[in-house]
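Undergrad: Below is the sequence, then the predicted model.
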Amino acid sequence: MSNVPVAVVTGSNKGVGFAIVRALCKQFPGDVYLTARDPGRGQDAVAKLQEEGLRALFHQLDIDDLQSIRALRDFLKEKYGGLNVLVNNAGIAFKVHDTTPFAVQAEVTLKTNFFGTRNVCTELLPIVKPYGRVVNVSSMVSSSALGGCSRELQQKFRSDTITEDELVELMTKFVEDTKKSVHEKEGWPNTAYGVSKIGVTVLSRIQARMLNEKRKGDHVLLNACCPGWVRTDMAGPKATKSPDEGAETPVYLALLPADADGPHGQFLSNKTVRTW
Ligand code: NAP
């Protein structure tokens, strides 16, 4: 088994994830895994970094596929005895003018952004080593979508005692409500992406609390963040940040030094803790 520290970035064949891998290759003292659902796109991305003189390793990972997540978990356990840095970056967004019915957009978006990310956490958090760092890439849109929720929902999402099961129930209810066209009446905002990212931010707050309760001595720090508005296939060419600039906050959180006792359980943008 290797004692080398290991970092994993989900959805990193392009966009912000690719830039996070690039930065980690330069700054992280260990093996950096670029992961992608499509091995061809993943290997091409590794080759691109190689042309820049950077060495990333590749492992397949489709966060929608539990078997794929578990295969990565078993690989990390066997080769490294766990992992040191996990960046949950993979995500999807329908384009604004996409005509796919809203209920379908809700189901598909929540499936990857919330349920997929949660499945990765369920499988990989238990093998994160002491002093590990976990970064869940959310979005400022989670904050604006929270503001668009009913007062009752806002209270639930801001609660310091909400459980993961309760959060899953709420995310499931959103999808069900869109199918019945009652989501607005039930207090939800009209954004599937926004609700999926509320899920990611709240999940991060819950997970950080669980780490405090169950693994206090392990000094694992877990946070959610927004990369900013970044020029990628998702956000388009008009966005204000380059992918390397978008990677700055996630990489800052991934590389928090061993003697840092925070941030933990926070939502950050531009390396600054934001009020939730
Ligand atoms: P992007 O260019 O579309 O890249 C998304 C990445 O996620 C791609 O590598 C994609 O792989 C991967 N992915 C999607 N579904 C996946 C799955 N089921 N399993 C594994 N990988 C999967 O988007 P981006 O702008 O870099 O976004 C990265 C993250 O930042 C996302 O979580 C996004 O919500 C968040 N974010 C972005 C912005 C922005 O302005 N760009 C702002 C706020 C937050 P494929 O190539 O195979 O599709």
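TA: Received the coordinates, thanks.

Undergrad: Please make it C-alpha for all contacts and neighbour counts, starting now.
TA: OK.

Undergrad: Residues of this structure that sit close to the ligand?
TA: 10-17, 36-38, 61-64, 89-92, 112, 137-139, 226-235 (CA under 6 Å from any ligand atom).

Undergrad: mind listing what's buried in stretch 162-181?
TA: 162-164, 167-168, 170-172, 174-179 (16 or more other CA atoms under 10 Å).

Undergrad: show me where this protein has helices.
TA: Along the chain, counting by DSSP state H, helices occupy 15-27, 39-51, 66-80, 102-110, 117-124, 140-147, 151-158, 164-179, 192-214, 243-246, 248-254.

Undergrad: okay, those helices in a markdown table with mean pLDDT next?
TA: Converted to a markdown table, the helices of the chain look like this (pLDDT from 0 to 100):
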| stretch | mean pLDDT |
| --- | --- |
| helix 15-27 | 99 |
| helix 39-51 | 98 |
| helix 66-80 | 98 |
| helix 102-110 | 98 |
| helix 117-124 | 98 |
| helix 140-147 | 98 |
| helix 151-158 | 98 |
| helix 164-179 | 98 |
| helix 192-214 | 98 |
| helix 243-246 | 98 |
| helix 248-254 | 99 |
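
Undergrad: just so I know, which of those helices lies nearest residue 266?
TA: helix 192-214 (6.6 Å; CA to CA).

Undergrad: Output that closest one as CSV, nothing but the C-alphas.
TA: Extracted C-alpha coordinates of helix 192-214, given in CSV (Å, rounded to 0.1, in the frame of the first residue of the first chain):
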residue,chain,number,x,y,z
ALA,A,192,-34.0,23.0,-10.5
TYR,A,193,-30.3,23.8,-10.6
GLY,A,194,-30.8,26.2,-7.7
VAL,A,195,-32.6,23.6,-5.6
SER,A,196,-29.9,21.0,-6.4
LYS,A,197,-27.2,23.4,-5.2
ILE,A,198,-29.3,24.2,-2.0
GLY,A,199,-29.0,20.4,-1.5
VAL,A,200,-25.2,20.5,-1.9
THR,A,201,-24.7,23.4,0.4
VAL,A,202,-27.0,22.0,3.1
LEU,A,203,-25.5,18.5,2.7
SER,A,204,-22.1,20.0,3.4
ARG,A,205,-23.3,21.7,6.6
ILE,A,206,-24.8,18.4,7.8
GLN,A,207,-21.6,16.4,6.9
ALA,A,208,-19.4,18.9,8.7
ARG,A,209,-21.6,18.6,11.8
MET,A,210,-21.4,14.8,11.6
LEU,A,211,-17.6,14.9,11.3
ASN,A,212,-17.6,17.1,14.5
GLU,A,213,-19.8,14.5,16.3
LYS,A,214,-18.2,11.3,15.1
